[in-house]
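Participant: Using only what follows, build the 3D model:
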Amino acid sequence: MANPRPSADPADIQRLLQAFNARQLAQAEAMARRLLATHPATGPAHSVLAALLAQQGQREAALPHFSAAARLQPGTAELHFNLALCLSGLGRHPEAVTAYRTAIGLKPDFAVAHFSLGAALQAIDALADATAHYRSAVQLQPGYLEAWGNLGAVLQLQGQLDAAIDAYQRALAIRPHPRLQLSLGSALRNRGDLDAAVTAYRKAVELDPAYAEAHDRLGSALWARGDPEAAVASYGRALELQPELPEARYNLGVFLQDAGRHAEAIPHFRAAGIGDAHDRALYCAYRSGDFAAFRSGLEARLHDAHRSPLLATLTAHHALNFGQPDPYRFCPRPLEFIHHAAIPPLAEARSTLLAALLRDIQLTGISERKQGRLHEGIQSSGNLFRRSEASFRELAALVLAEVRRYPAALRDLPGAATCELLAAWPADPEFSSSWYLRMRQGGHLTSHIHEEGWISGCVYLAMPPVPAGALDGSIEFSLDGDDYPRRHDNFPSRTITPAVGDIVLFPSSLFHRTIPFAAATERICVAFDILPAHA
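Facilitator: Below you'll find the predicted structure:
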């Protein structure tokens with residue numbers, strides 16, 4: 001057998017490249033394989049074969065050839081970039097990050113490599129680094145639509161809503177795009193700009209009338225703005241376009257649930273199958289008094305992790321209603337898990353933080369979110385702790401510090417040993433929602449729970465004077481509420497009268513309501529829901 005020649009004939013390499021560039025793909029693949037059989041160190045042959053295999057969807061087979069091409073020609077940035085792209089496509093993002101960094105080290109003005117490195121970093125949740133490389137991409141190439149869009153997304157994920165909105169708007173100035181309009185609407189709504197969010201969603205629908213998700217998002221924003229008829233029309237249009245769109249099914253189910261049309265809501269929740277949809281179907285069965293259907297559906301859910309506040313509320317009420325043990329372990333004996341404390345920087349005399357919070361609540365142009373449980377008051381829309389005002393961000397940090405202390409204060413309580421809320425609580429909680437509530441004379445909230453959190457809470461910024469022996473403006477907790485069907489009235493409750501600067505934390509499964517107050521002064525608090533970051 002003849003020994004292989006030390007290097008391939010340059011003419012053979014030239015013919016290979018000509019065939020590849022002429023899109024004579026079968027011929028180019030055969031030529032590359034023949035060259036590598038006799039000259040395995042031929043970089044261009046590895047590169048061509050890798051590209052051909054990748055085009056055929058054979059990334060695993062392409063990877064060793066991309067790697068060989070980069071190893072044989074280590075000073076060529078594009079070869080390291082191609083290797084990184086292949087690794088990203090295989091989901092091997094940490095390795096892709098290394099290859100992208102090598103490409104950029106060789107060619108610092110490689111805009112698409114900065115963009116792709118940003119995407120790989122985003123995939124491994126290195127959001128700050130991803131932001132830096134998306135910024136590099138748009139600085140090198142100001143018309144880079146995709147980089148502006150991705151920059152907006154990672155900024156939004158980090159709670160930098162103003163910067164995210166600016167990035168989305170810059171992308172849309174390059175070229176209108178329905179998906180970017182949807183992202184802009186999401187950031188605007190999260191910031192509390194409901195009217196602007198509605199406008200953005202409408203623009204997405206104008207750009208693509210068949211975009212079902214845009215119709216659904218528009219419906220959700222219209223509902224929050226207090227226009228339920230228009231919201232239902234948007235949900236209906238979304239389902240006409242995409243009958244099984246889970247989000248639209250879910251949102252329509254929630255609308256019917258809130259309207260008391262429980263039997264109609266159940267099939268929509270069952271069809272949606274996302275989030276807590278199955279638990280909401282059980283809620284509708286229970287509220288309808290169909291206890292047999294509730295018990296039947298509950299049996300299947302007991303095999304899953306006990307981490308649903310809504311289901312915990314239902315099972316606790318059912319157990320008390322029928323004198324049975326509660327089989328759900330989200331938070332046994334939740335009334336004992338209420339935590340009431342003061343936040344020193346707010347409670348101190350002439351608190352500068354308190355003054356800043358009250359000023360920002362008065363002056364910041366946050367849209368009002370309509371909701372039927374609130375009487376004689378307003379609730380802000382968006383996620384307050386994601387806004388840019390320093391006062392809200394300082395308060396968020398203080399709340400998180402108290403939340404991190406919360407589980408340790410409860411571990412010796414009866415029921416703590418079997419409490420899934422404590423057992424599964426990690427060190428990385430985050431705000432799933434946050435908002436302020438301003439109530440005037442006679443203001444109150446009717447009984448409800450917070451389905452979107454594990455722990456909920458309030459920080460009190462202004463409280464009406466309480467007459468001696470009265471509970472005006474207090475918060476009442478109970479295992480009964482929301483017009484659940486009762487066989488008796490023997491449901492326990494607990495009432496707390498907070499002072500300015502206080503924080504109250506409680507399991508999200510607890511019913512709570514605000515007791516009306518008669519004083520002609522405002523009651524102002526910031527409420528929030530907290531989830532583990534992984535949830």
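Participant: and the end-to-end length of stretch 266-286?
Facilitator: Between the opening and closing residues of stretch 266-286 lies a distance of 11 Å (Cα to Cα, to the nearest Å).
Participant: So which residues make contact with it?
Facilitator: With Cβ atoms under 8 Å, 6 or more residues apart in numbering as the test, stretch 266-286 has contacts from 244, 246-247, 249-250, 252-254, 256-257, 262-263, 265, 291, 293-294, 297-298, 301, 308, 310-311, 314, 317-318, 451, 484-485. For the C-beta atoms, the positions are set from N, CA and C on the backbone; glycine is no exception.
Participant: What subset of those is buried?
Facilitator: Buried members of these, scored by 16 or more other Cβ atoms under 10 Å, are 247, 249-250, 252-254, 256-257, 262, 265, 293-294, 297-298, 301, 308, 310-311, 314, 317-318, 451, 484.
Participant: Could you tell me which of the residues you listed belong to helices?
Facilitator: 247, 249-250, 252-254, 256-257, 262, 265, 293-294, 297-298, 301, 310-311, 314, 317-318 (DSSP state H).
Participant: Tyr406 is in contact with Ile503, isn't it?
Facilitator: No. Tyr406 lies out of contact with Ile503 (Cβ atoms under 8 Å); the separation is 9.7 Å.
Participant: So between the two, which is more surrounded?
Facilitator: Ile503 (25 against 21; other Cβ atoms under 10 Å).
Participant: Return the residues in contact with the more buried one.
Facilitator: Counted by Cβ under 8 Å, 6+ apart, Ile503 has contacts 339-343, 399, 402, 457-460.
Participant: For those, give me JSON lines that also has distance to Pro176.
Facilitator: Formatted as JSON lines, those follow (distance: Cβ to Cβ, whole Å):
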{"residue": "His339", "distance to Pro176": "49"}
{"residue": "His340", "distance to Pro176": "51"}
{"residue": "Ala341", "distance to Pro176": "50"}
{"residue": "Ala342", "distance to Pro176": "51"}
{"residue": "Ile343", "distance to Pro176": "46"}
{"residue": "Val399", "distance to Pro176": "39"}
{"residue": "Glu402", "distance to Pro176": "45"}
{"residue": "Gly457", "distance to Pro176": "41"}
{"residue": "Cys458", "distance to Pro176": "42"}
{"residue": "Val459", "distance to Pro176": "41"}
{"residue": "Tyr460", "distance to Pro176": "45"}
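Participant: and Gln362, that's in a strand?
Facilitator: No. With DSSP: H, G, I helix; E, B strand; the rest coil as the criterion, Gln362 is helix rather than part of a strand.
Participant: Neighbours of Glu376, how many?
Facilitator: Around Glu376 there are 14 residues (other Cβ under 10 Å).
Participant: Spell out the secondary structure type for it.
Facilitator: strand.
Participant: ok, now Ala468?
Facilitator: coil.
Participant: what do you get for Leu461?
Facilitator: strand.
Participant: that older thread, which of the contacts of Ile503 fall within helices?
Facilitator: Short answer: these in helices (DSSP H) are 399, 402.
Participant: measure Leu374 to Asp502 for me?
Facilitator: Going from Leu374 to Asp502 by Cβ to Cβ, to the nearest Å gives 21 Å.
Participant: thinking again about what came up before, and the contacts of Ile503, which of them are buried?
Facilitator: 339, 341-343, 399, 402, 457-460.
Participant: quick one: which of these is nearest Ser67?
Facilitator: Each of the buried ones among the contacts of Ile503 was scored against Ser67 by Cβ to Cβ, and Val399 proved nearest at 48.4 Å.
Participant: quick one: the helices in the stretch 151-300 of the chain?
Facilitator: Here the stretch 151-300 of the chain has its helices, by DSSP state H, counting those that start in this stretch, at 161-174, 178-191, 194-207, 212-224, 228-241, 246-258, 262-272, 277-287, 291-301.
Participant: Please put the alpha-carbon coordinates of the fifth one into PDB.
Facilitator: What follows is helix 228-241, C-alpha atoms only, in PDB (Å, rounded to 0.1, in the frame of the first residue of the first chain):
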ATOM      1  CA  PRO A 228     -63.400  42.900  28.800                       C
ATOM      2  CA  GLU A 229     -65.600  42.800  25.600                       C
ATOM      3  CA  ALA A 230     -62.700  43.800  23.400                       C
ATOM      4  CA  ALA A 231     -60.400  41.400  25.300                       C
ATOM      5  CA  VAL A 232     -62.700  38.500  24.600                       C
ATOM      6  CA  ALA A 233     -62.900  39.400  20.900                       C
ATOM      7  CA  SER A 234     -59.100  39.400  20.700                       C
ATOM      8  CA  TYR A 235     -59.000  36.000  22.400                       C
ATOM      9  CA  GLY A 236     -61.600  34.700  20.000                       C
ATOM     10  CA  ARG A 237     -59.700  35.900  17.000                       C
ATOM     11  CA  ALA A 238     -56.500  34.300  18.300                       C
ATOM     12  CA  LEU A 239     -58.400  31.000  18.600                       C
ATOM     13  CA  GLU A 240     -59.900  31.300  15.200                       C
ATOM     14  CA  LEU A 241     -56.300  31.600  13.800                       C
END
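Participant: That helix: how far from the chain's middle?
Facilitator: 23 Å (Cα atoms, centre = their mean, to the nearest Å).
Participant: Would you indicate which residues of that helix are buried?
Facilitator: 228, 230-232, 234-235, 237-239, 241.
Participant: so where is this protein shaky, pLDDT-wise?
Facilitator: Residue ranges of the chain with pLDDT under 70: 1-7, 533-535.
Participant: Pop the domain breakdown of it in here.
Facilitator: Split into domains by automatic domain parsing, the chain comes to 10-236, 335-532.
Participant: what would those look like in CSV with distance to Phe269?
Facilitator: Formatted as CSV, the domains of the chain follow (distance: least, Cβ to Cβ, whole Å):
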stretch, distance to Phe269
domain 10-236, 14
domain 335-532, 12
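Participant: Point to the residue nearest the middle of this structure.
Facilitator: Nearest residue to the geometric centre of the chain (Cα atoms, centre = their mean): Ser432, 7.1 Å.
Participant: Quick check: which helices or strands does the helix or strand where that one lies pack against?
Facilitator: In the assignment (DSSP states H and E), Ser432 maps to strand 429-445. Under the contact criterion of 3 or more Cβ pairs under 8 Å, 6 or more residues apart in numbering; DSSP states H and E, strand 429-445 touches strand 374-379, helix 390-410, strand 511-514, strand 523-532.
Participant: That one: partners in the sheet, and parallel or antiparallel?
Facilitator: If you go by DSSP bridges, strand 429-445 pairs up with strand 374-379 (antiparallel), strand 523-532 (antiparallel).
Participant: okay, those, which one's buried deepest?
Facilitator: strand 523-532 (a mean of 22; mean count of other Cβ atoms under 10 Å).
Participant: Taking helix 390-410 as reference, get the angle to that one.
Facilitator: 60 degrees (axes from the mean of the first three to the mean of the last three Cα atoms, to 10 degrees).
Participant: CA-only coordinates of strand 523-532, as PDB, when you get a sec.
Facilitator: Below are the C-alpha coordinates for strand 523-532, written out as PDB (Å, rounded to 0.1, in the frame of the first residue of the first chain):
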ATOM      1  CA  ARG A 523     -53.900  53.700  52.700                       C
ATOM      2  CA  ILE A 524     -50.800  53.000  50.500                       C
ATOM      3  CA  CYS A 525     -48.900  49.700  50.200                       C
ATOM      4  CA  VAL A 526     -46.700  47.900  47.800                       C
ATOM      5  CA  ALA A 527     -47.700  44.300  47.300                       C
ATOM      6  CA  PHE A 528     -45.700  41.500  45.600                       C
ATOM      7  CA  ASP A 529     -45.500  37.800  44.800                       C
ATOM      8  CA  ILE A 530     -42.300  35.900  45.000                       C
ATOM      9  CA  LEU A 531     -41.300  32.600  43.300                       C
ATOM     10  CA  PRO A 532     -38.100  30.600  43.200                       C
END
